[in-house]
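Engineer: What follows is a predicted protein model with its sequence.
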Amino acid sequence: MALAFDEYGRPFIIIKEQEQKSRVRGLEAQKANINAGKTVARILRTSLGPKGMDKMLQSPDGELTITNDGATILEQMDVDNQIAKLMVELSRSQDYEIGDGTTGVVVLAGALLEQAEKLLERGIHPIRVAEGYEMASRIAVDNLEHISQKFDFSASNMESLIQTCMTTLSSKIVNRCKRSLAEIAVKAVLAVADLERKDVNLDLIKIEGKVGGKLEDTELIHGILVDKDMSHPQMPKQIVDANIAILTCPFEPPKPKTKHKVDIDTVEKFQTLREQEQKYFDDMVQQCKDVGATLVICQWGFDDEANHLLLHRNLPAVRWVGGVELELIAIATGGRIVPRFQELTPEKLGKAGIVREKSFGTTKERMLYIEQCANSKAVTIFIRGGNKMVIEETKRSIHDALCVARNLIRNNSIVYGGGSSEISCSIAVEAAADRHPGVEQYAIRSFAEALENIPMALAENSGLPSIETITAVKSQQIKENNPHCGIDCNDIGTNDMKVQNVFETLIGKQQQILLATQVVKMILKIDDVISPSEY
Amino acid sequence: MAIDRLLKDEATEEKGERARMSSFVGGMAIADLVKTTLGPKGMDKILQSTGRGQNVTVTNDGATILKSLHIDNPAAKVLVDISKVQDDEVGDGTTSVVVLAGELLREAEKLTMTKIHPMTIIAGYRMASECARDVLLQKAMDNKMDNEKFKSDLTNIAMTTLCSKILSQDKEHFAKLAVDAVLRLKGSTNLESIQIIKKPGGSLMDSFLDDGFILDKKIGVGQPRRIDNANILVANTAMDTDKVKIYGARVRVDSMSKVAQIDAAEKDKMKEKVQKIISHGINCFVNRQLIYNYPEELFADAGILAIEHADFDGIERLALVTGGEIASTFDNPESVKLGHCKLIEEIMIGEDKLIRFSGVKMGQACTIVLRGASVHMLDEAERSLHDALCVLSQTMNDSRIVYGGGWPEMVMAKEVDALARKTPGKKSHAIEAFSRALQSIPITIADNAGLDSAELISQLRAEHHKEKTTSGIDVITGGVGDMEKLGICESFKVKQAVLLSATEAAEMILRVGEIITCAPRQRDDTM
């Protein structure tokens, strides 16, 4: 294969141990890659849209995930093919950047690859195809900008935000109570949003789930929920107007990090040491008490003696609270995390209106609610559901909805969903193609066709005759010059998405097109795959 | 060109119809497995564990059966999970929920055969479950106001729950035990203060409820066997050698005499500690950790009953019931709250000696001592009693009840049927199917009792077309009976949870269009 010859005509080897490596090159390599990408897209295609089906994934350890979220499916799928891994990355980056549309981006990339294959067969050079796609994507993004609409919202008028979140949630299993979940998501985002800077820190929204109850019981808590209970069973279960000391030092004897030894060789030393030890515990509790704390939240454990002293001095405490939760508590209550007892001061204490312990079900499940905090910026969404799988899926869906709401706060432009924006872009790109001289024209036209693939998948999943529906919608868009016509997935009777209130965010859509084009370009440029062969 | 490998080796992928089939089959198989345990005449299952010792469990409890199974089918796992959740949340109805979900899947399979899209089925199921729940809400009865009636309701519920279990022979006895225990809780769902002690020997009828607290421990040698008006100090402290906790401390001596001195100091320290404890004015000391001989001797000298190594739960319960606090330091005797009880005595159950604390401060706690012929029997009795206690404590919070014996299912089925007739479109098929699935529960109950289910169900349905009927299946006589007279009741909360989680699970499995199973992680089989 990769043999080269020196000036005397003797062969020499370029790749180390080349016999053991498999290698595909040229058109064959491109086709193999395209095929792999298409296969991944085909798996996700059936999950698209409100009538899309779920996937059941069994992990190597037998854990079960049921989901509809593209990024999650791909992440759990354990793919081996290199190109397939690229598609997984693609979906993941959409997830990180936007949070929603992870399925759509992969389906679009698959469609682009499919079109590219046809072009390659006709003998068009892959680079020309890539360039054509690049131009087309620019046209599509501009068109999106053009058809997008701005909408207004404020803390009091959340209706449009809720509608957009509902569009996201409608494709998930939770669509039974999408309205209430969308409201929860929007309220949560608005609670932590910085409307001045147009930014939202999603870290301030904690999502907790607990099996049991029903989905309708899901609630938004203006405060923090910690899956812990009081360190001593006899501490009070409810504290009003709590002053919270947030500690990252254990209620234990000091453990200096330098290696040392305390030698005991006389009885006196033994006794002083003992006294010191007792005093140490006493001091720790006293220091907390002195600054006026009425609740201690600690990252570490308590010694038995310290625990009793805390109870004794009437100072409720919570132990083994995780670092992230600790930070959230600090933010919510306006307190400071204190690493040493000596540094405790009254100003560093957090304030909360009410702290209470609540128990669930028939088993010993308890959770700690910290509510009415000094700083309301930090909320918790508490999800209930019939089983573990539903809760996990709800968590993912809420996360998507939160991301959508955040994107809208950053940039309040929307486009209409239901495939309407894709069709509109397709029309725009096709029109632009005819004006373009050169080979790229074909690629641009193919791009337009690939864009139609998304509404096509939507129609197929909804059980509609796909080609008829697409052509009808397309002609309607051109005839009425109305870019809001889409696929009527829910059989409502109108295909005007403006009437159906199906929105998506502009940046989400733009990102989808840009990311998909980028990955496809990358795949097209590969003409040689060298992989170590199997043993 | 085929792609060689997209997924890793050994990973499998099932699509569309095949995936759906595999999950239907898995779900139904699980449902069929537990189906025979449903109802008062349901059969038990023997479970043998693969672990060392090959432990055997005999049970009738759906959650216990499913928990112990090793299942590979993903859809089946969903059903196992809902059964577990049902157990955690309401405690009973663990079999019903799986059977109902299985039947919903069976009906859905038939519908998909006739080319109805799963999403349409889901939409229909949702409408149906919504409707069924509304009916259940309407028909539920609430007797919270009437104390007498409420108590009889509780007894009835307990009897209904217990009649399907091993305890059915003595259900009156156990129902009374359970109701008494739960009534003591006064509305809290905290089942921790009800302690269940199992002692093989005797018969089930010998089980009893003790209103005190029984600790499965022996009293130390040479200490009083009986204490009146006890002051109890509950502690969690080291009573062996009190180690120095400061990190890095160690004893280094250079002569034997020093060793002796330190030893004496240690002893002194312990003695001092014991003195401090004694100075609390107690006559009983219960510690979670070990008590060594030396301090035990000191306690015996002072005439104090010292109990060592009580487990964590025991300590917490004891502290709870006697009203004391768990102490770990003993420097301020005046402020430590001591526990009190009227009488501590050693009692004999079978051959074992136990310590009973009676006349405790908190009236909530009680202990149920279960007696029975074998360990398996006791385990099953404990599970059954636990179910009953859970249901009862939930009923204390939500006092609505419905009749049993297939009555709620028939009522719901009737309303759902009516809804199906009103609904246009393909959804109505799914709604009808839901009603059929609901009816399959009374059918299973009848089948398990060896009755002619087809005949019975048709009679029952006719009966239900009259207004305000209370008829259900009377398994004992083998006919249609009046559930109100027979006193067969179930908690509304349990029924509602069964309905909702079964629908949720069926919906989830129906939505699956593809199953991807990753390659199982390689493990060394050392077993």
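Structural biologist: Nice, I can see it. Numbering: from 1, shown residues only, chains lettered A, B, ... in the order given.
Engineer: ok, which stretches of the stretch 301-450 of chain B are helices?
Structural biologist: Along the stretch 301-450 of chain B, the stretches classed as helices by DSSP state H, counting those that start in this stretch are B:312-322, B:375-397, B:407-422, B:427-448.
Engineer: Buried residues of the first one, list them for me.
Structural biologist: Applying a neighbour-count criterion of 16 or more other C-beta atoms under 10 Å in any protein chain shown, one finds B:314, B:315, B:316, B:317, B:318, B:319, B:320, B:321, B:322 buried in helix B:312-322. Every C-beta, even on glycine, is put in place using the N, C-alpha and C of the backbone.
Engineer: Look up how far residue B:233 lies from the second one.
Structural biologist: In this case it means residue B:315. 12 Å (C-beta to C-beta, to the nearest Å).
Engineer: coming back round to it: nearest to chain A among the buried residues of helix B:312-322?
Structural biologist: The closest of the buried residues of helix B:312-322 to chain A turns out to be residue B:316 (C-beta to the nearest C-beta; 5.1 Å).
Engineer: Test my guess that that closest one contacts residue A:233.
Structural biologist: Yes: here residue B:316 lies in contact with residue A:233, judged by C-beta atoms under 8 Å, at a distance of 5.1 Å.
Engineer: So for those two, which residues contact both of them?
Structural biologist: residue B:326 (C-beta atoms under 8 Å, 6 or more residues apart in numbering or on different chains).
Engineer: Output the helices of the stretch 301-450 of chain B in TSV; the columns should cover distance to residue B:520 and mean pLDDT.
Structural biologist: Shown next, in TSV, are the helices of the stretch 301-450 of chain B (distance: least, C-beta to C-beta, whole Å; pLDDT from 0 to 100):
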stretch	distance to residue B:520	mean pLDDT
helix B:312-322	37	71
helix B:375-397	32	84
helix B:407-422	40	90
helix B:427-448	34	90
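Engineer: Now tabulate the ones you listed in JSON lines and tack on distance to chain A.
Structural biologist: Shown next, in JSON lines, are the helices of the stretch 301-450 of chain B (distance: least, C-beta to the nearest C-beta, whole Å):
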{"stretch": "helix B:312-322", "distance to chain A": "5"}
{"stretch": "helix B:375-397", "distance to chain A": "4"}
{"stretch": "helix B:407-422", "distance to chain A": "17"}
{"stretch": "helix B:427-448", "distance to chain A": "11"}
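Engineer: Make a markdown table from these and add distance to residue A:144 to it.
Structural biologist: Converted to a markdown table, these look like this (distance: least, C-beta to C-beta, whole Å):
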| stretch | distance to residue A:144 |
| --- | --- |
| helix B:312-322 | 62 |
| helix B:375-397 | 54 |
| helix B:407-422 | 44 |
| helix B:427-448 | 36 |
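Engineer: Measure how buried residue A:180 is and give me the count.
Structural biologist: Using other C-beta atoms under 10 Å in any protein chain shown, residue A:180 has 16 neighbouring residues.
Engineer: Residue ranges in the stretch 201-350 of chain B under the pLDDT threshold?
Structural biologist: B:220-221, B:240-249, B:309-314, B:332-335 (pLDDT under 70).
Engineer: From residue A:304, how far out is the residue in it that chain A sits nearest to?
Structural biologist: Per C-beta to the nearest C-beta, residue B:328 is where the stretch 201-350 of chain B lies closest to chain A, at 3.4 Å. In this view, residue B:328 and residue A:304 are 4 Å apart by C-beta to C-beta.
Engineer: What is the burial count for residue B:95?
Structural biologist: For residue B:95, using other C-beta under 10 Å, the count is 28.
Engineer: ok, now residue A:23?
Structural biologist: Around residue A:23 there are 14 residues (other C-beta under 10 Å).
Engineer: what does the one 3 residues further on give?
Structural biologist: Around residue A:26 there are 9 other residues, counting by other C-beta under 10 Å.
Engineer: same check, this time on residue B:380
Structural biologist: Residue B:380 has 22 nearby residues by other C-beta under 10 Å.
Engineer: now swap in residue A:468 and tell me
Structural biologist: For residue A:468, using other C-beta under 10 Å, the count is 10.
Engineer: Can you tell me the SS state at it?
Structural biologist: Here residue A:468 is recorded as helix under DSSP: H, G, I helix; E, B strand; the rest coil.
Engineer: ok, back up a step: residue A:299: which of the buried residues of helix B:312-322 is nearest?
Structural biologist: residue B:316 (24.1 Å; C-beta to C-beta).
Engineer: that older thread, next, show the common contact partners of residue B:315 and residue B:233.
Structural biologist: Both residue B:315 and residue B:233 are in contact with residue B:286, where contact means C-beta under 8 Å, 6+ apart.
Engineer: Could the C-alpha coordinates of the host helix or strand of residue A:93 be exported in CSV?
Structural biologist: According to DSSP states H and E, residue A:93 maps onto helix A:82-97. Backbone C-alpha positions of helix A:82-97 (Å, rounded to 0.1, in the frame of the first residue of the first chain) are rendered in CSV as follows:
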residue,chain,number,x,y,z
GLN,A,82,-14.4,7.3,14.4
ILE,A,83,-16.8,9.3,12.3
ALA,A,84,-19.7,8.3,14.4
LYS,A,85,-17.7,9.7,17.3
LEU,A,86,-17.5,13.0,15.4
MET,A,87,-21.3,13.1,15.2
VAL,A,88,-21.5,12.4,19.0
GLU,A,89,-19.2,15.4,19.5
LEU,A,90,-21.4,17.5,17.3
SER,A,91,-24.4,16.7,19.3
ARG,A,92,-22.6,17.3,22.5
SER,A,93,-21.3,20.7,21.4
GLN,A,94,-24.9,21.7,20.5
ASP,A,95,-25.8,20.6,24.0
TYR,A,96,-23.1,22.7,25.7
GLU,A,97,-23.7,25.8,23.6
